[in-house]
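K.L.:
I'd like to go over a predicted model; first the sequence, then the structure.
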Amino acid sequence: MKTCLIVDGLNLFTRHYIANPSTNKNGESVGGITGTLVAISSLAERFSPDRVIVVWESGGSARKRAIFKNYKSGRKPQKLNRYYGEDIPNTIENRNSQISVLISLISSLPIVQVYVPDCEADDVIGYLCKYRLSDQRKVIVSSDKDFYQLLDKKTIIYSPTWKKFVSFQEVQEKFKISSQNFCLGKAICGDSSDNIPGVKGAGFKTIAKRFPKLEENNFFTISELINHCKREIESGSKVKVYKSILESEDVIRRNWKLINLDTNNLSHSQICKINSSVDTFGPTPNKMKILKILKNHSIQNIDIDRVFLSTKFLK
């Protein structure tokens with residue numbers, strides 16, 4: 001079966017941008033560039049994929065902000081977790097510069113890059129997994145738990161933070177909630193990292209205990225959830241979470257719209273853009289261009305021969 005490596009570009013870059021201490025000859029931080037390239041190269045060597053797709057964040061989803069205006073509000077820019085010399089570098093300027101250079105480098109490799117304005121990389125990856133590449137084996141490279149809902153027999157996740165793979169079996173064992181129902185679980189519990197409030201008093205352990213059907217490999221709908229709570233209360237149950245969920249039905253339905261990775265947050269033109277980026281891609285590896293970019297930015301300590309060798313069979 002063909003294998004596709006799908007990289008959450010900003011997520012992988014941020015991991016190395018924060019933690020990788022590499023600097024160029026001028027003492028400027030370049031860990032995001034070098035770390036990301038080495039990571040993609042290593043994963044390509046490990047899986048021998050037919051294709052590597054890097055999906056970039058475009059600044060957020062207008063549709064999601066229309067659903068909930070406080071979605072992802074209050075986020076602070078990531079900062080380096082160490083000092084370089086006596087001065088703290090301008091992390092925002094350095095971060096943007098590294099991303100720009102990285103995109104230029106990847107464009108000279110046989111790697112597809114997808115950037116769709118006004119939507120999130122999560123939704124693009126969700127579309128690719130569920131529709132465009134549904135028949136292929138896929139490895140999603142990201143530490144974002146939102147992708148747990150996409151796990152199945154053909155899809156696994158590699159977490160660059162934990163440096164391990166996550167399968168649908170592992171999620172089911174850990175949370176007692178299946179990957180099919182992980183989106184509903186998050187819709188109930190909320191997600192503080194995205195500033196999405198959930199049902200008061202509802203955590204994963206609580207809902208897994210009170211709603212055992214969430215562990216089954218069948219979709220448990222919001223309507224079934226609500227009806228379950230109604231039946232429990234009518235039968236005399238005093239469990240608080242049942243009442244809290246009934247009182248928060250609108251919140252759960254709103255959260256589902258924000259968290260569910262499908263086509264609901266993509267327009268027709270955005271879907272066409274995704275398909276075009278994948279369908280019209282023609283590999284144009286250019287080693288000399290990469291060496292020139294690295295020289296212009298005084299970047300060293302990247303084994304370009306290894307990078308090219310690991311990606312030479314990509315389509």
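P.N.:
Here it is on my side, so go on. Numbers count the residues shown, from 1 in each chain.
K.L.:
Only C-alpha atoms from now on, for both contacts and neighbour counts.
P.N.:
Noted.
K.L.:
what residues go with each domain of the chain?
P.N.:
3-174+262-311, 176-259 (automatic domain parsing).
K.L.:
Turn those into CSV, including mean pLDDT and mean neighbour count.
P.N.:
Output for the domains of the chain, formatted as CSV (pLDDT from 0 to 100; neighbours: other C-alpha atoms under 10 Å):
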stretch, mean pLDDT, mean neighbour count
domain 3-174+262-311, 91, 17
domain 176-259, 96, 18
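K.L.:
How about the secondary structure of residue 113?
P.N.:
strand (DSSP: H, G, I helix; E, B strand; the rest coil).
K.L.:
how about the closest residue to it other than its chain neighbours, what does it touch?
P.N.:
Using C-alpha to C-alpha, 6 or more residues apart in numbering and skipping the chain neighbours, the partner closest in space to residue 113 is residue 54 (4.8 Å). Counting by C-alpha atoms under 8 Å, 6 or more residues apart in numbering, residue 54 touches 6-9, 111-114.
K.L.:
Kindly report the same for residue 63.
P.N.:
119, 265.
K.L.:
Let's verify it: helix, strand, or coil?
P.N.:
helix.
K.L.:
I'd like the distance from it to residue 267, if you could.
P.N.:
Distance, residue 63 to residue 267, using C-alpha to C-alpha, to the nearest Å: 9 Å.
K.L.:
for residue 194, same thing?
P.N.:
22 Å.
K.L.:
Kindly report the same for residue 225.
P.N.:
29 Å.
K.L.:
and if you look at residue 132?
P.N.:
15 Å.
K.L.:
Repeat that for residue 226.
P.N.:
30 Å.
K.L.:
what does residue 309 give?
P.N.:
38 Å.
K.L.:
now do residue 33
P.N.:
Residue 33 is 32 Å from residue 267, where distance means C-alpha to C-alpha.
K.L.:
wait, is residue 4 part of a helix?
P.N.:
No: counting by three-state DSSP, residue 4 is located in no helix; its state is strand.
K.L.:
Identify the bridge partners of it.
P.N.:
residue 51, residue 138 (DSSP bridges).
K.L.:
my read: it touches residue 43, true?
P.N.:
No: in this structure residue 4 lies outside contact range of residue 43 using C-alpha atoms under 8 Å: 11.0 Å.
K.L.:
Spit out the residues that contact these two alike.
P.N.:
Going by C-alpha under 8 Å, 6+ apart, no residue sits against residue 4 while also sitting against residue 43.
K.L.:
sorry, back to before: would it be right to say that the residue nearest to residue 113 lies in a helix?
P.N.:
No: using three-state DSSP, the assignment for residue 54 is strand, not a helix.
K.L.:
quick one: it and residue 305, what's the gap?
P.N.:
20 Å.
K.L.:
And for residue 213?
P.N.:
From residue 213 to residue 305 the distance is 51 Å (C-alpha to C-alpha).
K.L.:
same question, residue 65
P.N.:
Taken as C-alpha to C-alpha, the span from residue 65 to residue 305 is 44 Å.
K.L.:
same deal with residue 286?
P.N.:
12 Å.
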